[in-house]
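1. Got a predicted model here, sequence first, then my questions.
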Amino acid sequence: MKQLRSFSAVLILIMWSCIGRAASYPDFTEMVEDVKDSVVVITARFDSEYQDSGTSFGSGFVIDDDGYILTNRHVVYQTYYGRQGDKQATFIRVKLGNGKEYDAEVVGADIGTDLALLKIDAPKLKEVKVADIDEVKVGAWVVAFGAPLGLEKTITAGIVSAKNRSLPGAEQYVPFLQTDAAINFGNSGGPLFNVDGEVIGINSRIKSARGSGNIGLAFAIPINLGVHIAGQLKEYGHIKRGYLGVEYQDLDHDLARNFGLSKVTGAILKSVAAGSPADKAGLEPSDVVTHINGKEVTQAGDLPYLIGLLEPGKEIDVKIIRGKKKKTIEVVLGEREQRAVSSSGRDSSQGGLLGLAVREIPDRYREAAQLDSGVFVQEVYSGPANRGGIEKGDVILRVGSEVVKSVEHFEKLVEAKKDDGDLALLVFRRGQTQYLAISLK
């Protein structure tokens, strides 16, 4: 009988324990009811002379009650492989939570963060509440809202799995939030909410096995970055980013010990571009950057993110460790060229006249290829260079007969040719040189 009573007592304790755990799970019903009218479905149609027309679905949310919608750039842009570059959707439709639909235009888009700002002509909308990203904790409950695979008003729940993720091949200005909430194709651009109904991120990417869809590895752009980008796109139509002019890498335990660090944090500078803001301020290769304007650099990926949030011309404090001694250097930031897309859909800044981004030739490449002049093609966008056959990784040696001495010299040579309608570029590629004719029309 005593054994039976003991068994019953244990069973009751287990039951109460289970009830207690069940009671700790959040109830999202009121929160979902409160935010549903702020979430939208986006339909984008793409017409191209290179392939059949296609339609894609994405998500977004009201970031400003005056008709502004924030979403992912890749929802309203599509890549055409080869020489065609990527193109803005020819038709964009936004469907509100109440079922009403509106045509939308692209106010601006930023390839560096994969964000786009849309505008619809609609009455006063219900904009989302925004969380303080610094208060977001790993392990906190989150809810993803969107239209996965076209299934509107779908919500899924999970937790914040990690913060400040740097993803290979992803946008370099984004310290991603990681979540295990189920996110699939069609969720792109939709909001990630906390339990208080505040947006903490913009659902953007997933990792999966051979494109199989959700496996619990999803990534969102932090909302503070989204608000910053939306504000600049609304004001300028493009992004103004600070430019430091350095190459950097992460530290490991051995490097940290060699540079006199007590913990493995910061970014070690591998090189400093000649004439760059960093060079003019006195930063040197082997400096370990620990703080930017008081914000800690915990990993190398923090550096472009923190610099990118600051506007050109701003004087900032860069804390470094040099020769195992702490030092603060004041730097006046330059401006990094960014790709920006206005409401007309035309490239307005990044890539300049040719539609490409160039930099000084990396030292290792220069030495291996035995090059003493030219500029390195870092990226090729839709535009004259893309149509003319310029590829990422090319080295442009000459504009016409003129030897290219630097990035600034190259830009001046190209600018001088803009009224001619075309120009010839001498390109070094895989050990061979050839001239390519570039039409500017």
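-> Cool, the structure landed. Just so it is clear, the structure is predicted and the values come from calculations on it, not from any experiment.

2. Contacts only, for D27.
-> Going by CB atoms under 8 Å, 6 or more residues apart in numbering, D27 touches no other residue. (Glycine included, C-beta is placed from N, CA and C.)

3. ok so it is a strand residue?
-> No. Under the criterion used here (DSSP: H, G, I helix; E, B strand; the rest coil), D27 is coil, not part of a strand.

4. for the stretch 151-300 of the chain, which spans come out with low pLDDT?
-> For the stretch 151-300 of the chain, the stretches flagged by pLDDT under 70 are 168-171, 209-212.

5. Helices along that one, start to end?
-> For the stretch 151-300 of the chain, the helices defined by DSSP state H, counting those that start in this stretch occupy 223-236, 253-258, 277-281.

6. Any chance of those in a markdown table with distance to S406 as columns?
-> Shown next, in a markdown table, are these (distance: least, CB to CB, whole Å):
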| stretch | distance to S406 |
| --- | --- |
| helix 223-236 | 28 |
| helix 253-258 | 31 |
| helix 277-281 | 13 |
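
7. right, and the ones you listed - which one's nearest A385?
-> Set against A385 and scored by CB to CB, the helices of the stretch 151-300 of the chain come closest in helix 223-236, at 24.3 Å.

8. Please list the residues outside that closest one that contact it.
-> Here helix 223-236 makes contact (CB under 8 Å, 6+ apart) with 63-64, 68, 70, 107-110, 113, 115-117, 130-133, 173-175, 199-202, 238-240, 305, 309, 340.

9. Ok, stretch 161-169 next?
-> Under CB under 8 Å, 6+ apart, the answer for stretch 161-169 is 136, 138, 175-180, 205, 219, 298-302.

10. any idea how far N258 is from Y248?
-> 16 Å (CB to CB, to the nearest Å).

11. With neighbour numbers in mind, choose between these two.
-> Y248 (22 against 12; other CB atoms under 10 Å).

12. List the residues that contact the nearest residue to the more buried one once chain neighbours are set aside.
-> Nearest non-adjacent residue to Y248, counting by CB to CB, 6 or more residues apart in numbering: A267, 4.3 Å away. Residues in contact with A267 (CB under 8 Å, 6+ apart) are 248-251, 288-289, 297, 299-300, 302-303.

13. let's go with 6 Å and repeat that
-> By CB atoms under 6 Å, 6 or more residues apart in numbering, A267 lies in contact with 248, 289, 297, 300, 303.

14. bridging residues for it?
-> Here A267 sits in beta bridges with V289, as judged by DSSP bridges.

15. heads up, I number from 8, so please use that
-> Happy to do that; since the first residue is 8 now, the last one works out to A274.

16. tell me the mean pLDDT over the one helix or strand G65 maps to?
-> In the assignment (DSSP states H and E), G65 maps to strand 61-71. Strand 61-71 carries an average pLDDT of 91.

17. Quick one: work out the angle between it and helix 230-243.
-> When axes from the mean of the first three to the mean of the last three CA atoms, to 10 degrees is applied, the directions of strand 61-71 and helix 230-243 differ by 90 degrees.

18. so what secondary structure elements neighbour strand 61-71?
-> Under the contact criterion of 3 or more CB pairs under 6 Å, 6 or more residues apart in numbering; DSSP states H and E, strand 61-71 touches strand 46-53, strand 75-79.

19. Could you list the paired strands of the longest one along with their orientation?
-> It stands for strand 46-53. strand 61-71 (antiparallel), strand 98-102 (antiparallel).

20. and what of the shortest one?
-> Sheet neighbours of strand 75-79, with direction, are listed as strand 61-71 (antiparallel), strand 122-127 (antiparallel) (DSSP bridges).

21. Single out the most deeply packed of those strands.
-> strand 122-127 (a mean of 26; mean count of other CB atoms under 10 Å).

22. Not counting the helix or strand following that strand itself, show me its contacts.
-> On the C-terminal side of strand 122-127, the closest following helix or strand by DSSP H and E is strand 136-137. Strand 136-137 has contacts (CB under 6 Å, 6+ apart) with 205-206, 230.

23. And for stretch 276-289?
-> 251-256, 290, 292, 294, 336, 338-341, 367.

24. Only the buried subset of the residues you listed, as a PyMOL command please.
-> Selection of buried members from the contacts of stretch 276-289 for PyMOL, criterion 16 or more other CB atoms under 10 Å:
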select buried, resi 251+252+253+254+255+290+294+336+338+340+341+367
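
25. Can you name the two of the contacts of stretch 276-289 that sit furthest apart?
-> The most distant members of the contacts of stretch 276-289, if one measures by CB to CB, are Q256 and V339, lying 24.5 Å apart.

26. contacting residues for D117?
-> By CB under 6 Å, 6+ apart, the residues touching D117 are 236, 246.

27. Look up how far H81 lies from it.
-> As defined by CB to CB, D117 lies at a distance of 12 Å from H81.

28. same question, E386
-> As judged by CB to CB, E386 and H81 stand 16 Å apart.

29. neighbour count winner among these two?
-> A count of neighbours by other CB under 10 Å puts H81 above the other of E386 and H81, at 21 against 15.

30. Correct me if wrong, but the more buried one is in a helix.
-> Yes. Residue state for H81 (three-state DSSP) corresponds to a helix.

31. Including distance to R373, could the strands paired with strand 46-53 go into JSON lines?
-> Compiled in JSON lines, the strands paired with strand 46-53 are given as follows (distance: least, CB to CB, whole Å):
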{"stretch": "strand 61-71", "distance to R373": "42"}
{"stretch": "strand 98-102", "distance to R373": "44"}
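
32. of those, which approaches R52 most closely?
-> Proximity to R52, assessed across the strands paired with strand 46-53 by CB to CB, is greatest for strand 98-102 (4.1 Å).

33. who's in contact with the closest one?
-> Under the contact criterion CB under 6 Å, 6+ apart, strand 98-102 has outside partners 47-52, 76, 83, 108-109, 111, 127.

34. Now it - C-alpha only, CSV.
-> Once non-C-alpha atoms are left out, strand 98-102 reads as follows in CSV (Å, rounded to 0.1, in the frame of the first residue of the first chain):
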residue,chain,number,x,y,z
PHE,A,98,4.9,44.6,-62.4
ILE,A,99,4.7,44.6,-58.6
ARG,A,100,1.4,44.1,-56.7
VAL,A,101,1.0,44.3,-52.9
LYS,A,102,-1.9,42.7,-51.1
